[in-house]
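Enquirer: After the sequence you'll find the predicted model.
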Amino acid sequence: MLVLGCLTPDISFADGHAAHGNFRAWAQLTAHARTALARTGRSRIDQELLRWAFSRLA
């Protein structure tokens, strides 16, 4: 789950900008964030990575 690789301010950022407390949106965001982590080789989620994931949401 996205929360495990994310700092608290970034969780609030993600919820406020894209997920809005919606489980389905969190699931999509988590999938895109995992893809971004794999592609970039990063070990942690940050706001730059989240912005990329936001752009992938339908």
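Expert: In hand now; what should we look at? Numbers count the residues shown, from 1 in each chain.
Enquirer: What distance do you get for the spatially most distant residue from the centre of the chain to L57?
Expert: Within the chain, the residue lying farthest from the chain centre (C-alpha atoms, centre = their mean) is G41, at 15.2 Å. As for G41, its distance to L57 is 23 Å (criterion: C-beta to C-beta, to the nearest Å). The C-beta positions use only the backbone N, C-alpha and C, and glycine is treated the same way.
Enquirer: Tell me the spacing between the residue farthest from the centre of the chain and H32.
Expert: Distance from G41 to H32, counting by C-beta to C-beta: 16 Å.
Enquirer: Alpha carbons only: can I get the lowest-mean-pLDDT helix or strand in the chain in CSV?
Expert: With mean pLDDT, DSSP states H and E as the measure, the helix or strand of the chain carrying the lowest mean pLDDT is helix 8-14 (a mean of 91). The C-alpha atoms that make up helix 8-14 are tabulated as CSV, following Å, rounded to 0.1, in the frame of the first residue of the first chain:
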residue,chain,number,x,y,z
THR,A,8,2.7,11.7,6.6
PRO,A,9,2.8,15.1,4.8
ASP,A,10,3.0,13.3,1.4
ILE,A,11,0.0,11.2,2.4
SER,A,12,-2.0,14.3,3.1
PHE,A,13,-0.7,15.9,-0.2
ALA,A,14,-1.9,12.8,-2.1
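Enquirer: packing partners for that helix?
Expert: In this structure, helix 8-14 makes packing contacts with helix 47-56, judged by 3 or more C-beta pairs under 8 Å, 6 or more residues apart in numbering; DSSP states H and E.
Enquirer: Tell me which residues are up against the helix it packs on.
Expert: For helix 47-56, the external contacting residues (C-beta atoms under 8 Å, 6 or more residues apart in numbering) are 10, 13-14, 17-18, 29, 32-33, 35-37, 40, 42.
Enquirer: and with 10 Å instead?
Expert: Helix 47-56 has contacts (C-beta atoms under 10 Å, 6 or more residues apart in numbering) with 2, 5-7, 9-11, 13-14, 17-19, 28-37, 39-40, 42, 45.
Enquirer: give me phi/psi at L37?
Expert: Here the main-chain torsion angles of L37 (degrees, to the nearest 10) amount to phi -60, psi -40.
Enquirer: That one: how many residues sit nearby?
Expert: Using other C-beta atoms under 10 Å, L37 is surrounded by 16 other residues.
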